[in-house]
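Chemist: let's see this in three dimensions:
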Amino acid sequence: MIGVQYGISGLTFLAVGFLLMLVMRWSIAYPGMPLPAGLDWILKLFGSEFMSRWAPEARVSGALYNMLGSMHGTIMVFFGVVPLGFAAFANFVMPLQIGAPDMAFPKLNMWSFWLFFISGVIMLASFFLPSGPAQSGWTNYSPLATQIHRNTDSHFWTGQSQWLFAMVFNISASLLGAVNVLTTVINLRAQGMTWMRLPFFSWAMFAIAFLLLLAFPPLEVAALMQLSDNVLGSSFFLPTGLRSGGTLLDVSGGGHPVLFQHLFWFLGHPEVYVLLLPGLAITAEVITCNTRKPLWGYKSMVYAVLGLSFLSFLVWAHHMYLTGMGTVVATFFQFTTVLISIPSVILLTCLMLSLWGGSIRFTVPMLFATAFLPMFGIGGLTGLPLAFSFIDLYLHDTYYVIAHFHYIVAPGVIFGIFAGIYHWFPKVTGRMMGTVLGHLHFWPSLVAMNVIFAPMFVQGMAGFHRRWFDGGRVFEMVTHQYFYLNEVISWGAWALGLAQIPFIVNFVWSMFAGRKVPDNPWHATTLEWSTPTPPPHGNFLTPPVVHRGPYEYSVPGASRDFSPQWEAPSVEESIEEDNAGHPAASMAERAIHSVKGEPAGPDVYRPGMSNN
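Modeler: Predicted coordinates for the structure are as follows:
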């Protein structure tokens, strides 16, 4: 239930963040022009007073653009992708995959969701404050974040302070969820579910929980310190002699703005992998199921995820090259940033090799999963130049960075999440989502995503700044060669919005009228497909026992092309085990060696080896 609550909430916040972006794109493509009827209703949701103050005559002002940009980034990252990609799937799928009857701490789980829900209400309510919502960017850097609403009657009831207040609740929710996931995976695995029999998805959720547990506390502390600067007059991040508009500000001073950046980005880069890993892990599950073959390099992928998680704590300052760090420090972060690409390449390569030789079924989940691979590849490869400070000095804060990041989280991560929704929707509801509407959702989305983000690389290298609310019109004499791309990108964004209508219709209609399906409609091998559909209280009718690895597909000699984890070995397997005098090689292992023309059994398998 809590997984479903997180899922619905996450999808709702994704829709809100997406709508804010549509208004931003109008301002960039057609600066100074009134919003059309197809878009002005978005701002009218926040009331007529909001419209008259921040969008007079339905024209997007610079201040409103900053608000929309700040809230778009915040909502999409902290209230959309993380709750949907991690919290929803981890709560629903992960306990089923490891054979657990529930999460380890059910009441803590409930608190986690309601703290998240409260944080979302606070964040959205800030739109109705006289100051408007936060407008200093989704990173909320000091001293701008502290000074922008200083001339108000109440320093607490401002958009900036409420942003911080909401983030404290949001981070607390994430920490409770992380503790719950870690404890569940460690302590509640079913009989026979050894570490190397865990599905890759559960490994990824385990790694993400560690990232959240270790990376989020610094940002929560930073939020409380900045809230103190806003409300109580402290100066944790405010330096002595700070001036605004030529006026010396009345602050105690002694603080350092760069300290906030360190605390923010110490979370910020692990957060990138909190966003990425759910999509990547879902893609792994969908690809193995729809290629009907074992996951290529399972152990390599597990170790790559663990290595990626560790290295993600050593690269945060590559976001801060422009703060004036010395060459020695910059060199260290350049090295670690290039180093972290190695486990990323291992993961992507294993997924691509898993397609080779497969009997591929192009179901709707598989379409999204296969599209994830090149989209994530483009996002990752275009990030490598940014690892070097001499290149980043030029490209920092341009549309190149926007394109790089969004290729990872939009056609990358969100395509992975869509694959997961289509894949596990039958397990949640007992009904299948429509295939025709699924295709109408996928193909326009794929085209529109690339129309939006590919031209941004060109604009970024031409020097287009990501915070020009008029799209660079003031610099038109310099940038006119690529100014037309603003309209192309914006039309792509609006087309992407239309492409989500089939998904919304499909999602709602299928919950009540979709085709009913059996417990294992995909003929998958992992443990979640052994439960009744939808799963009952306690998840399993009898305590599950795991007999084999998670991806035993298309094994030579097997009667079917899938051998589920919960099924005991056949008579033939038992005879082979007796003859060998020790456990027989796993079916997936024998399949691999049969392809290579190598013997299986005693020559390749020893007691204590993983069944993977």
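Chemist: buried ones in the strand or helix carrying residue 174?
Modeler: In this assignment (DSSP states H and E), residue 174 forms part of helix 159-187. Within helix 159-187, the residues that count as buried by 16 or more other Cβ atoms under 10 Å are 159-182, 184-185. The way it works is simple: take the backbone N, C-alpha and C, and place the C-beta from them, glycine included.
Chemist: same question for stretch 549-567.
Modeler: Residues of stretch 549-567 classed as buried: 549-555, 558, 562-567 (neighbour count, 16+ other Cβ under 10 Å).
Chemist: would you format these as JSON lines with pLDDT and distance to residue 431 included?
Modeler: JSON lines is the format used below for those (pLDDT from 0 to 100; distance: Cβ to Cβ, whole Å):
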{"residue": "549", "pLDDT": "94", "distance to residue 431": "30"}
{"residue": "550", "pLDDT": "95", "distance to residue 431": "25"}
{"residue": "551", "pLDDT": "95", "distance to residue 431": "26"}
{"residue": "552", "pLDDT": "94", "distance to residue 431": "27"}
{"residue": "553", "pLDDT": "94", "distance to residue 431": "25"}
{"residue": "554", "pLDDT": "91", "distance to residue 431": "28"}
{"residue": "555", "pLDDT": "88", "distance to residue 431": "30"}
{"residue": "558", "pLDDT": "86", "distance to residue 431": "29"}
{"residue": "562", "pLDDT": "93", "distance to residue 431": "22"}
{"residue": "563", "pLDDT": "93", "distance to residue 431": "27"}
{"residue": "564", "pLDDT": "95", "distance to residue 431": "22"}
{"residue": "565", "pLDDT": "95", "distance to residue 431": "24"}
{"residue": "566", "pLDDT": "95", "distance to residue 431": "23"}
{"residue": "567", "pLDDT": "92", "distance to residue 431": "25"}
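Chemist: where exactly do the strands run in the stretch 451-600 of the chain?
Modeler: Assigned strands in the stretch 451-600 of the chain, in chain order: 515-516 (criterion: DSSP state E, counting those that start in this stretch).
Chemist: ok, which stretches of it are helices?
Modeler: Using DSSP state H, counting those that start in this stretch, the helices of the stretch 451-600 of the chain run over 476-479, 485-499, 501-513, 571-580, 587-596.
Chemist: run a quick neighbour tally on residue 68.
Modeler: Residues near residue 68, counting by other Cβ atoms under 10 Å, number 26.
Chemist: contacts for the strand or helix carrying it?
Modeler: Assigned by DSSP H and E, residue 68 belongs to helix 62-74. If you take Cβ atoms under 8 Å, 6 or more residues apart in numbering as the criterion, helix 62-74 is touched by 17, 20-21, 23-24, 27, 54-55, 60, 123, 127, 132-140, 159, 163, 467, 469.
Chemist: please indicate which of those residues are buried?
Modeler: So, by 16+ other Cβ under 10 Å, the buried ones in those are 17, 20-21, 23-24, 27, 54-55, 60, 123, 127, 132-140, 159, 163, 469.
Chemist: next one: phi and psi at the closest residue to residue 228 other than its chain neighbours?
Modeler: In space, and not counting its chain neighbours, residue 228 is closest to residue 234: 4.5 Å by Cβ to Cβ, 6 or more residues apart in numbering. The phi/psi pair for residue 234 (degrees, to the nearest 10) reads phi -80, psi 180.
Chemist: for residue 234, list the residues it contacts.
Modeler: Taking Cβ under 8 Å, 6+ apart as the criterion, residue 234 is in contact with 225, 228, 252, 255.
Chemist: check residue 288 too.
Modeler: Counting by Cβ under 8 Å, 6+ apart, residue 288 makes contact with 294-295, 354, 551, 553.
Chemist: for residue 285, same thing?
Modeler: Neighbouring residues of residue 285 by Cβ under 8 Å, 6+ apart: 199-201, 420, 423, 526.
Chemist: what about 7 Å?
Modeler: Contact analysis of residue 285 by Cβ atoms under 7 Å, 6 or more residues apart in numbering lists 199, 201, 423.
Chemist: who wins for neighbours among those residues?
Modeler: Highest neighbour count within the contacts of residue 285, by other Cβ under 10 Å: residue 199, with 29 neighbours.
Chemist: which stretches of the protein aren't confidently modelled?
Modeler: 476-479, 571-612 (pLDDT under 70).
Chemist: for residue 265, see how far away the residue nearest the centre of it is.
Modeler: What sits nearest the mean C-alpha location of the chain, by Cα atoms, centre = their mean, is residue 275, with 2.5 Å. Noted for residue 275: a distance of 15 Å to residue 265, by Cβ to Cβ, to the nearest Å.
Chemist: please apply the same query to residue 304.
Modeler: 23 Å.
Chemist: got it, and residue 65?
Modeler: For residue 65, the distance to residue 265 - Cβ to Cβ - is 24 Å.
Chemist: do the same with residue 523
Modeler: Shown here: residue 523 relative to residue 265, a distance of 44 Å by Cβ to Cβ.
Chemist: with residue 280 instead?
Modeler: Distance, residue 280 to residue 265, using Cβ to Cβ: 22 Å.
Chemist: what's the answer for residue 364, then?
Modeler: Residue 364 is 37 Å from residue 265, by Cβ to Cβ.
Chemist: who has more neighbours, those two?
Modeler: Comparing residue 364 with residue 265 by other Cβ under 10 Å, the one with more neighbours is residue 364, at 25 against 21.
Chemist: and the more buried one, what is it in contact with?
Modeler: By Cβ under 7 Å, 6+ apart, the contact set of residue 364 is 422, 435, 438-439, 442.
Chemist: buried among these? Make that a ChimeraX selection.
Modeler: Buried subset of the contacts of residue 364, written as a ChimeraX selection, criterion 16+ other Cβ under 10 Å:
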select :422,438,442
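Chemist: of the contacts of residue 364, closest to residue 215?
Modeler: Distance to residue 215 across these (Cβ to Cβ) is lowest for residue 422, with 30.2 Å.
Chemist: before we move on, which element is the closest residue in space to that closest one that isn't next to it in sequence in?
Modeler: Residue nearest to residue 422 in three dimensions, not counting chain neighbours: residue 365, with 4.2 Å by Cβ to Cβ, 6+ apart. Assigned by DSSP H and E, residue 365 falls within helix 364-383.
Chemist: what comes up buried for the helix or strand that that helix is followed by?
Modeler: Next along the chain after helix 364-383, taking DSSP H and E as the criterion, comes helix 389-395. Of all the residues in helix 389-395, those buried under the rule 16+ other Cβ under 10 Å are 389, 392, 395.
Chemist: same deal with stretch 355-367?
Modeler: Judged by neighbour count using 16+ other Cβ under 10 Å, the buried positions of stretch 355-367 are 355, 358, 363-367.
Chemist: what is the neighbour count of residue 468?
Modeler: Around residue 468 there are 19 residues (other Cβ under 10 Å).
Chemist: list the contacts of it.
Modeler: Residue 468 neighbours (Cβ under 7 Å, 6+ apart): none.
Chemist: start and end of stretch 237-256, how far apart?
Modeler: End-to-end distance of stretch 237-256 (Cα to Cα, to the nearest Å): 5 Å.
Chemist: stretch 191-202 too?
Modeler: Chord length of stretch 191-202, first to last residue, is 16 Å (Cα to Cα).
Chemist: off-centre distance for it?
Modeler: Counting by Cα atoms, centre = their mean, to the nearest Å, stretch 191-202 is centred 23 Å from the centre of its parent chain.
Chemist: buried sites along that stretch?
Modeler: Buried positions in stretch 191-202, judged by neighbour count with 16+ other Cβ under 10 Å: 193, 197-202.
Chemist: circling back: toward the C-terminus, what is the element adjacent to whichever strand or helix holds the residue nearest to the centre of the chain?
Modeler: When elements are assigned from DSSP H and E, residue 275 belongs to helix 257-291. As assigned by DSSP H and E, the chain's next helix or strand after helix 257-291 is helix 298-311.
Chemist: so what touches that following helix?
Modeler: 196, 200, 203-204, 207, 210-211, 273, 277, 336, 339-340, 343-344, 346-347, 350, 551, 612.
Chemist: just the CA trace of it, in PDB.
Modeler: Only the C-alpha atoms of helix 298-311 are listed here, as PDB (Å, rounded to 0.1, in the frame of the first residue of the first chain):
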ATOM      1  CA  TYR A 298      25.500 -10.500 -13.100                       C
ATOM      2  CA  LYS A 299      28.400 -10.400 -10.600                       C
ATOM      3  CA  SER A 300      30.200  -7.700 -12.500                       C
ATOM      4  CA  MET A 301      27.000  -5.600 -12.400                       C
ATOM      5  CA  VAL A 302      26.700  -6.100  -8.600                       C
ATOM      6  CA  TYR A 303      30.300  -5.100  -8.000                       C
ATOM      7  CA  ALA A 304      29.900  -2.200 -10.400                       C
ATOM      8  CA  VAL A 305      26.900  -0.800  -8.500                       C
ATOM      9  CA  LEU A 306      28.800  -1.100  -5.200                       C
ATOM     10  CA  GLY A 307      31.900   0.600  -6.700                       C
ATOM     11  CA  LEU A 308      29.700   3.300  -8.200                       C
ATOM     12  CA  SER A 309      28.100   4.000  -4.900                       C
ATOM     13  CA  PHE A 310      31.500   4.300  -3.100                       C
ATOM     14  CA  LEU A 311      33.000   6.600  -5.800                       C
END
